[in-house]
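Sequence first, predicted model second:
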There are 2 protein chains.
Amino acid sequence: MSPRRVTLADVAKAAGVSPTTASLVLSGRGREMRISQEVESRVLKAADELQYRPNAVSVGLRTGTTSTIGFVSDTVATSRLAGDMIKGALEAARDRGVMLFIGETEGDPELERRLLQAMHDRQVDGIVLASMYTRTIKVPKEITASPAVLLNALPKQPSALPSILPDEIEAGRTAARVLLEAGHRDGIHLIGAGPRTRDVPGGGLAAVERLTGIREVLGEAGVKIAGGRLCADWQPEYGLDATRAILESGRPGALICFNDRLAFGAYQALGEHGLRVPDDVSVVSFDDHPLASWMRPKLTTVALPHYELGRKAVDVLFDEIRHHRTGAVRETEVHRVPMPVRTRESIAPPKSP
Amino acid sequence: MSPRRVTLADVAKAAGVSPTTASLVLSGRGREMRISQEVESRVLKAADELQYRPNAVSVGLRTGTTSTIGFVSDTVATSRLAGDMIKGALEAARDRGVMLFIGETEGDPELERRLLQAMHDRQVDGIVLASMYTRTIKVPKEITASPAVLLNALPKQPSALPSILPDEIEAGRTAARVLLEAGHRDGIHLIGAGPRTRDVPGGGLAAVERLTGIREVLGEAGVKIAGGRLCADWQPEYGLDATRAILESGRPGALICFNDRLAFGAYQALGEHGLRVPDDVSVVSFDDHPLASWMRPKLTTVALPHYELGRKAVDVLFDEIRHHRTGAVRETEVHRVPMPVRTRESIAPPKSP
DNA sequence: TTGGTTTGCTAAATCGTATTAGCAGTGCGA
DNA sequence: TCGCACTGCTAATACGATTTAGCAAACCAA
């Protein structure tokens, strides 16, 4: 069986001092409390030799802070990208010596409630409430029991919680600019949403914002969108069908796909019609799914910075915790994380007709 | 600010009893300790009205068990599949009212040591030590401080820890059988490893075991493997190259790809040569990556049961914890989780030459 | 010598719960 | 009336740390 853990009392006894003294020394308050050099080094030596490590549960009970935060998301497994978000959060937490509880709600409010309670029962210092795709969410009232931030989500009702989100509007602008810079002005088609502002699938924010950015930049350049197909679901087969439909009325100059899976389907359709990317048709997309660099030619795409989102969420959460402790009042903030373009091989100047 | 939590003392006061009595009632020991119906219901009522929830940190300190387990892996973000493993663990944990700490070591033994310590400092009841691909690992000695299991990993040195692994040998057999059943006996090529037992990339266990299963079944059927290409890395481009090389010496009858990403590359190569799956060439693979159902035609593949692996690991861990408490001695166990075949569209009877 | 200050440490309380030991009060048999 | 068992509850302690308040000894000035 595992031998009993070394406690502060053990260290104190070994050093021949009281637990108080040992605690003072080990928490660095020895100087302040006028503990002699002699005693101080005796304590340190004992702690070292016994390999003493404070029991975090006890510290948690005494001080009320557990060096623990909760990461609650609707689902962790849906995509590779979700993992990156957790990874970012994990590393930011590690930098601060904090551990991460995770939980998933599967979109069930009751489960979410219970999960948040379970975390608060364990006295987490704060909570990251994450969504795996960008959207507005109903903020559960249990969340107020501790500092918290929203990741990849905006509150449906006004709320004091900070949000961390990818900068999707700017991403839309980026995608459009990439095509303009390659010289495209005609035959630009949208796969997944558009061409009109209202042509977006329900649920997420990404479609609306990406479309806004795209329309803004193309509009300013005096370029008219040749067409667009709204897809109910952004899966490869929808991209395949949408692209087939477009191909019936001629060869497009360029495709802006609303995510990489749609682009994957688009590639299949273009292949069927004997069209080559990027010589015949340029393709730009969003997300930077691993798929994007597996496709041939490799797909140019505006990346969702999942890792950075996760890190940022924890950074902001710690700001919240600090301000919570000092009692400072904060105005609500929305943090937008830039979406960088990954330039690959799917864009070329337009083919002269 | 958040109002102070309701404590047991609050409940006791509201019910007009001692904290002892309240504790007894709420832990269900009321009967046993001869607390009257009258008092019992008063306590229950008070607890309910005040919405009392026991402070888990305090309980942890007092009882030594925290209803918390640790999930330590080399990396959580590499693949979508890793997420499924965590999801399985998470749900199994939730079924038992237990929370999950996660941490990743990035393969760094020092980080791993610190992470395990941090978890033990928080008095986790047990630990799942996971690898994201099946392999043998060096078991850190810190692990012995609590019950633990190995997930997707076997101990390099003899160890008392149970392991949970996918049944890769049987998976190899399955892949081979699928081809035999479709009528293939000639021109079966291997992409990723083989044809000889020693033709495997270093590191993982999957290659060795899959190959063993494949060779066994084909051998017993008197079928000779037409060829094989060892790939150092199981990424699409390696599959592409390997398949191109095979195509130089004629059309194969069927391809057994050692994972779906290799198969993805193989599809690209077959496409280049104008060969159609499955009419010209059948393809079977392993893993059941999301990719497999995006490919056209959809890929038949033997699935890695990540979700079940995660669940199983937590189940076995709880057996360990229980036996640890009762002091029972356990013999080391290796649990193999079946890998089911996902039949899709990439296999057909061989083309008559 | 006396009273006050400084030095260097420790006793005791606290966090919120679980649990052991024990304390009043009642009923009963002798 | 006494002793004993039983009923129904509570006091006290422990878990392992932090922190406040305070104590004894040494030192200093008057």
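Ah, there it is. Residues are numbered from 1 along each chain as shown, chains lettered A, B, ... in the order given.

Not counting sequence-adjacent ones, nearest residue to residue A:134?
The shortest distance from residue A:134 to any non-neighbouring residue, by Cβ to Cβ, 6 or more residues apart in numbering or on different chains, is to residue A:205 (4.5 Å). (Glycine included, C-beta is placed from N, CA and C.)

Sorry, wrong one. I was asking about residue A:140.
Residue A:140 sits nearest to residue A:112 (Cβ to Cβ, 6+ apart), 5.5 Å away.

What are the buried residues along stretch A:245-263?
Using 16 or more other Cβ atoms under 10 Å in any protein chain shown as the burial criterion, the residues of stretch A:245-263 that qualify are A:246-247, A:252-263.

For the residue nearest the centre of chain A, give its distance to residue A:151.
Central residue check for chain A by Cα atoms, centre = their mean: the C-alpha nearest the mean position is that of residue A:309, 3.5 Å away. As for residue A:309, its distance to residue A:151 is 6 Å (criterion: Cβ to Cβ, to the nearest Å).

Need the residues touching each of the two.
Taking Cβ atoms under 8 Å, 6 or more residues apart in numbering or on different chains as the contact definition, residue A:309 and residue A:151 share the neighbouring residues A:85, A:164.

Secondary structure element for the residue of the stretch 201-350 of chain A found nearest DNA strand D, which one?
Residue nearest to DNA strand D within the stretch 201-350 of chain A (Cβ to the nearest atom of the strand): residue A:325, separated by 12.3 Å. Under DSSP states H and E, the secondary-structure element containing residue A:325 is helix A:306-326.

got a list of contacts for that helix?
Here helix A:306-326 makes contact (Cβ under 8 Å, 6+ apart) with A:69, A:81-93, A:96, A:125-128, A:130, A:147-149, A:151-152, A:162, A:164-166, A:329-330, A:333, A:335, A:337, B:1, B:77.

Look at the residue nearest to residue A:134 and report its pLDDT.
The predicted structure scores residue A:205 at 93 on the pLDDT scale.

Same check on residue A:71?
Predicted confidence (pLDDT) at residue A:71: the value is 96.

show me where chain A has strands.
Remark: strands of chain A, listed N- to C-terminal, are A:68-73, A:99-104, A:126-137, A:148-155, A:163-166, A:188-192, A:227-230, A:254-257, A:282-287, A:300-303, A:334-337, A:341-342; assignment by DSSP state E.

for the record, mean pLDDT for the third one?
Across strand A:126-137, pLDDT averages out at 93.

swap in the fifth one?
Model confidence over strand A:163-166 averages 97 on the pLDDT scale.

so what secondary structure elements neighbour it?
Contacts defined by 3 or more Cβ pairs under 8 Å, 6 or more residues apart in numbering or on different chains; DSSP states H and E place strand A:163-166 against strand A:148-155, helix A:306-326, strand A:334-337.

Now do residue A:322 against residue A:336, distance only.
22 Å.

Which one's more surrounded, those two?
residue A:336 (14 against 11; other Cβ atoms under 10 Å in any protein chain shown).

so who does that one touch?
Each residue near residue A:336 by Cβ under 8 Å, 6+ apart is listed here: A:165, A:166, A:167, A:170.

cool, residue A:259 as well?
A:192, A:206, A:234, A:285, A:286, A:287, A:289.

Residue A:63 and DNA strand C: what is the separation?
Using Cβ to the nearest atom of the strand, to the nearest Å, we find residue A:63 at a distance of 8 Å from DNA strand C.

How much space separates that residue from DNA strand D?
As defined by Cβ to the nearest atom of the strand, residue A:63 lies at a distance of 5 Å from DNA strand D.

Can you name the residues that contact that residue?
For residue A:63, no residue counts as a contact, taking Cβ under 8 Å, 6+ apart as the criterion.

at 10 Å instead, please
Taking Cβ atoms under 10 Å, 6 or more residues apart in numbering or on different chains as the contact definition, residue A:63 lies against residue A:123.

For the helix holding residue A:325, output the C-alpha coordinates as CSV.
Once non-C-alpha atoms are left out, helix A:306-326 reads as follows in CSV (Å, rounded to 0.1, in the frame of the first residue of the first chain):
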residue,chain,number,x,y,z
HIS,A,306,-8.2,27.1,-31.3
TYR,A,307,-5.0,26.8,-29.3
GLU,A,308,-4.8,30.6,-28.9
LEU,A,309,-8.5,30.7,-28.0
GLY,A,310,-8.0,28.2,-25.2
ARG,A,311,-4.9,30.1,-23.9
LYS,A,312,-6.6,33.4,-24.0
ALA,A,313,-9.6,32.2,-22.2
VAL,A,314,-7.5,31.0,-19.3
ASP,A,315,-5.5,34.3,-19.3
VAL,A,316,-8.7,36.3,-19.2
LEU,A,317,-10.1,34.1,-16.5
PHE,A,318,-7.2,34.8,-14.3
ASP,A,319,-7.6,38.5,-14.8
GLU,A,320,-11.2,37.9,-13.7
ILE,A,321,-10.1,36.0,-10.6
ARG,A,322,-7.6,38.6,-9.6
HIS,A,323,-10.1,41.4,-10.0
HIS,A,324,-12.7,39.4,-8.2
ARG,A,325,-10.3,39.1,-5.2
THR,A,326,-9.4,42.7,-5.2
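
ok, and for it, which residues are buried?
Buried residues in helix A:306-326, counting neighbours by 16+ other Cβ under 10 Å, are found at A:306-321, A:324.

The helix or strand bottoming out on mean pLDDT in chain A: which residues count as buried?
Of all the helices and strands that make up chain A, helix A:80-95 has the lowest average by mean pLDDT, DSSP states H and E, namely a mean of 89. When neighbours are counted by 16+ other Cβ under 10 Å, the buried residues of helix A:80-95 are found to be A:80-90, A:92-94.

So which elements touch it?
Taking 3 or more Cβ pairs under 10 Å, 6 or more residues apart in numbering or on different chains; DSSP states H and E as the contact definition, the neighbouring helices and strands of helix A:80-95 are strand A:68-73, strand A:99-104, strand A:126-137, strand A:148-155, helix A:306-326, helix B:80-95, strand B:99-104, helix B:109-121.

Averaged pLDDT, the fifth one. What do you get?
What helix A:306-326 shows for mean pLDDT is 94.

by how many degrees do that helix and helix A:80-95 diverge?
40 degrees (axes from the mean of the first three to the mean of the last three Cα atoms, to 10 degrees).

And the fourth one, by the same measure?
Orientation check (the same axes, to 10 degrees): strand A:148-155 against helix A:80-95 gives 150 degrees.
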